[in-house]
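J.: Got a predicted structure plus its sequence, pasted below:
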Amino acid sequence: QVQLAESGGGLVQAGGSLRLSCAASGRTFSRYSMGWFRQATGKEREFVAAITSSGGSTSYTDSVKGRFTISRDNAKNTVYLQMNSLKPEDTAVYYCAAGSIATLREGVYDYWGQGTQVTVSA
């Protein structure tokens, strides 16, 4: 069992930056690939980024490439999402998830956090 807790969301102006954190409980964090997803109001949840268990490989949805960076610190049981050059269309609730592989398919992820709100003003 893994419990996930996101933090770091908030209100930021367009062009600004935020760093989201996702802290995991348990001793098995390093075995899991991690993903970040987001859901805007009235829209389906969508993939943002993923990272393998070792941190050796990452992937991103096209709309955030070059602006967002996913990373992890297995010693701290934490995965991060550094978000730069934020745009109003990045406004959403951001969720972290843990699963067996790093993929954009949310059905593969076994554990989810409660989410953190990110609001980007124009």
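T.: Okay, I see it.

J.: for the protein, what spans make up the strands?
T.: For the chain, the strands defined by DSSP state E occupy 4-7, 10-13, 18-24, 33-39, 46-51, 58-60, 68-73, 78-83, 92-99, 109-112, 116-121.

J.: would you turn the ones you listed into TSV with mean neighbour count and mean pLDDT?
T.: (C-beta placed from N, C-alpha, C; glycine too.) Formatted as TSV, the strands of the chain follow (neighbours: other Cβ atoms under 10 Å; pLDDT from 0 to 100):
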stretch	mean neighbour count	mean pLDDT
strand 4-7	18	98
strand 10-13	13	98
strand 18-24	20	98
strand 33-39	24	98
strand 46-51	22	98
strand 58-60	17	98
strand 68-73	18	98
strand 78-83	23	98
strand 92-99	23	98
strand 109-112	18	96
strand 116-121	17	98
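
J.: center of the chain - which residue?
T.: Per Cα atoms, centre = their mean, the C-alpha nearest to the average position across the chain is that of Trp36, at 2.6 Å.

J.: pretty sure that one is in contact with Glu46, am I right?
T.: No. Trp36 is not in contact with Glu46 according to Cβ atoms under 8 Å; the separation is 10.2 Å.

J.: Spit out the contact partners of the nearest residue to Gly10 once chain neighbours are set aside.
T.: Distances taken as Cβ to Cβ, 6 or more residues apart in numbering put Leu18 closest to Gly10, at 6.4 Å, once the chain neighbours are dropped. Taking Cβ atoms under 8 Å, 6 or more residues apart in numbering, we find Leu18 in contact with Gly8, Gly9, Gly10, Val12, Met83, Leu86, Val118.
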